[in-house]
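J.: Give the three-dimensional model of this entry:
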Amino acid sequence: MSLLAVDAAEIFKWIGYIVVAMLCFMFMIVVHELGHYTAGKLLGFRINEFSVGFGPAIFQRKKKSGEVFSIRCIPAGGFCAFEGEDEEESERPDAFNAKPVWKRIIVLAAGVTFNFVSAIVILNFFFMGYGEAVPRVNTTHEYTDGAEQPFEEGDMILSIDGEKMYCLIDPGKLQAAFADGKAHTVEVMRNGEKIVFEAGLHEYVLEETDDSGATIETEQTGLGLSYSFAPYKLNYGEALGRSFTFSGEVVKLTFKAIGQLFTGDAKVGDTMGGTVTAVSALVELTQSGAPAIAYGVAVLSLSIALMNILPLPALDGMRIVFAAIEGIRRKPLNRKVEAIIHTIGLFLLLGLAITFDLLHFFG
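T.: Residues are numbered from 1 along each chain as shown. Okay, the predicted model is just below:
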């Protein structure tokens, strides 16, 4: 096979990765807009257009009701256009701003809700079909202080004192559990059977080989084992519960990362990114197969939900704030001023996204 043929095959493979990543990203955006669409239809809002993508339309279909479905040429988003969304007044009773405030808030929050629900569904199947990462014992060492080694090679460590050793987000859970130096109750899966025993830190001898091939023995204190992470499949109930706790951990880590930007504990390029960063992360995950793709889509769906609920101009969170203020004041703010705020906010967010991408790749 010629070098040219090999290069061509590699190029097409990477093109495939990028296409899959873009489709995953579009899926998350479409789910978000579908939330707005579904809530709007159920609550009697008139929807002028539901679009997948931005830019010039490459496909359009118009219903008898006048509603248009479009597919546009730039696969970097989408929108659900409501009648009279940015107008001061409308003669149509089904226009967006003619509807009660509580209905508008439901429609605005539906996009985030759909992203969150889709993440829970994907994670549920992920934890059932692939599994959560738990420590699996690779090798064990006999203790030199007379204690019996309770672990065996192949043990999958499920919990310590009842706390699940799910390490997909926190790989340091096992070390943290024994950091106090005390004995703890351990549950492991061994040869298809769950076994419970007490374990603690003990003295043992660790044998290592140096560059010359000589064996070096060192006295250590610990569990006397080496381990790696392996997937442990959960049943439906366990997977569903883990989907919610996992989502909560992602939310916590996201807000922690945002907080670190203000305290100076993290760089913007290391914690934040725009569309290009998100797609590039998905491209990397596509190379690891379907489980990695599902995991990435779920986490990014949660990220999209979190970002959109923030009270920033042009995002759903700020639109909800404006609607809530209208409900409290019992009269709307100036629609033109609100539209200007959202427009300026949109350009600022696009600028920030581009800046974050540049910092991520070149910072």
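
J.: mean confidence score for the one helix or strand residue 341 maps to?
T.: Assessed by DSSP states H and E, residue 341 sits inside helix 335-362. Average pLDDT, helix 335-362: 63.

J.: Repeat that for stretch 255-273.
T.: Stretch 255-273 carries an average pLDDT of 56.

J.: With stretch 208-215 instead?
T.: In this model, stretch 208-215 has a mean pLDDT of 72.

J.: for stretch 38-56, same thing?
T.: 92.

J.: tell me which residues in that stretch are buried?
T.: Judged by neighbour count (16 or more other C-beta atoms under 10 Å), stretch 38-56 contains these buried residues: 38-40, 43, 45-47, 49-53. Bear in mind the C-beta positions are built from the backbone N, C-alpha and C, glycine included.

J.: Could you do stretch 103-123 as well?
T.: Neighbour-count burial for stretch 103-123 [16+ other C-beta under 10 Å]: 103-116, 118-120, 122-123.

J.: what sits up against it?
T.: Residues from elsewhere that reach stretch 103-123, judged by C-beta atoms under 8 Å, 6 or more residues apart in numbering: 28, 31-36, 38-40, 43, 45, 82, 96-97, 239-240, 242-244, 246-247, 294, 297-299, 301-302, 304-305, 308-309, 316, 319-320, 323-324.

J.: And for stretch 294-306?
T.: Identification of contacts with stretch 294-306 by C-beta under 8 Å, 6+ apart yields 24-25, 27-29, 31-32, 112-113, 115-116, 118-119, 122-123, 125-126, 130, 168, 247, 250-251, 254-255, 278, 281-282, 285.

J.: Alpha carbons of it, as CSV, please.
T.: The C-alpha trace of stretch 294-306 is given here as CSV (Å, rounded to 0.1, in the frame of the first residue of the first chain):
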residue,chain,number,x,y,z
ALA,A,294,-22.2,8.6,25.1
TYR,A,295,-20.3,9.8,28.2
GLY,A,296,-19.1,12.9,26.4
VAL,A,297,-22.5,13.8,25.1
ALA,A,298,-24.1,13.4,28.6
VAL,A,299,-21.5,15.6,30.3
LEU,A,300,-21.7,18.2,27.5
SER,A,301,-25.5,18.2,27.7
LEU,A,302,-25.2,18.9,31.4
SER,A,303,-22.8,21.7,30.6
ILE,A,304,-25.1,23.2,28.0
ALA,A,305,-28.0,23.1,30.6
LEU,A,306,-25.8,24.8,33.2
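
J.: Identify, among the helices and strands of the protein, the element with the weakest mean pLDDT.
T.: Across the helices and strands of the chain, mean pLDDT, DSSP states H and E gives its lowest value to helix 268-271, namely a mean of 45.

J.: follow-up on the earlier one: determine which two of the buried residues of stretch 38-56 are furthest apart.
T.: Within the buried residues of stretch 38-56, 43 and 53 form the most distant pair, 25.7 Å apart (C-beta to C-beta).

J.: returning to that earlier point: weed out the non-buried ones from the contacts of stretch 294-306.
T.: Neighbour counting by 16+ other C-beta under 10 Å classes 24-25, 28-29, 31-32, 112-113, 115-116, 118-119, 122-123, 126, 130, 168, 247, 250, 254, 278, 281-282, 285 among these as buried.

J.: Can you report how many residues lie near residue 194?
T.: Using other C-beta atoms under 10 Å, residue 194 is surrounded by 11 other residues.

J.: Torsion angles phi and psi at it?
T.: With angles defined as degrees, to the nearest 10, residue 194 sits at phi -80, psi 130.

J.: Give the bridge partners for the nearest residue to it once chain neighbours are set aside, please.
T.: Computed as C-beta to C-beta, 6 or more residues apart in numbering, the closest residue to residue 194 that is not its neighbour in sequence is residue 187, at 6.1 Å. Note on residue 187: beta-bridge partners residue 159, residue 196, judged by DSSP bridges.

J.: What segments of the stretch 201-350 of the chain are strands?
T.: For the stretch 201-350 of the chain, the strands defined by DSSP state E, counting those that start in this stretch cover 202-209, 215-222, 225-232.

J.: related to what we said a few turns ago, so, if you compare the buried residues of stretch 38-56, which one comes nearest to residue 290?
T.: Taking C-beta to C-beta as the measure, residue 290 lies nearest residue 52 of these, at 22.9 Å.

J.: what's in contact with the helix or strand hosting the closest one?
T.: Per DSSP H and E, residue 52 falls inside strand 47-62. Applying C-beta under 8 Å, 6+ apart, the contact partners of strand 47-62 are 26, 30, 33, 37, 40-41, 66-83.

J.: Which members of those occur in strands, if any?
T.: 68-82 (DSSP state E).

J.: most neighbours, which of those residues?
T.: Busiest of the ones in strands among the contacts of strand 47-62 [other C-beta under 10 Å] is residue 80, holding 24 neighbours.

J.: Identify the bridge partners of that one.
T.: residue 50.

J.: re earlier: using a markdown table, lay out the strands of the stretch 201-350 of the chain together with mean neighbour count.
T.: Below are the strands of the stretch 201-350 of the chain laid out as a markdown table (neighbours: other C-beta atoms under 10 Å):
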| stretch | mean neighbour count |
| --- | --- |
| strand 202-209 | 14 |
| strand 215-222 | 11 |
| strand 225-232 | 16 |
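
J.: closest to residue 162 out of these?
T.: Nearest of those to residue 162, taken as C-beta to C-beta: strand 225-232 at 16.3 Å.

J.: who does the closest one pair up with?
T.: Applying DSSP bridges to the sheet, strand 225-232 is found paired with strand 132-140 (antiparallel).

J.: what's the strand it pairs with in contact with?
T.: By C-beta under 8 Å, 6+ apart, strand 132-140 touches 149, 151-158, 164-168, 171, 174, 224-232, 234, 242.
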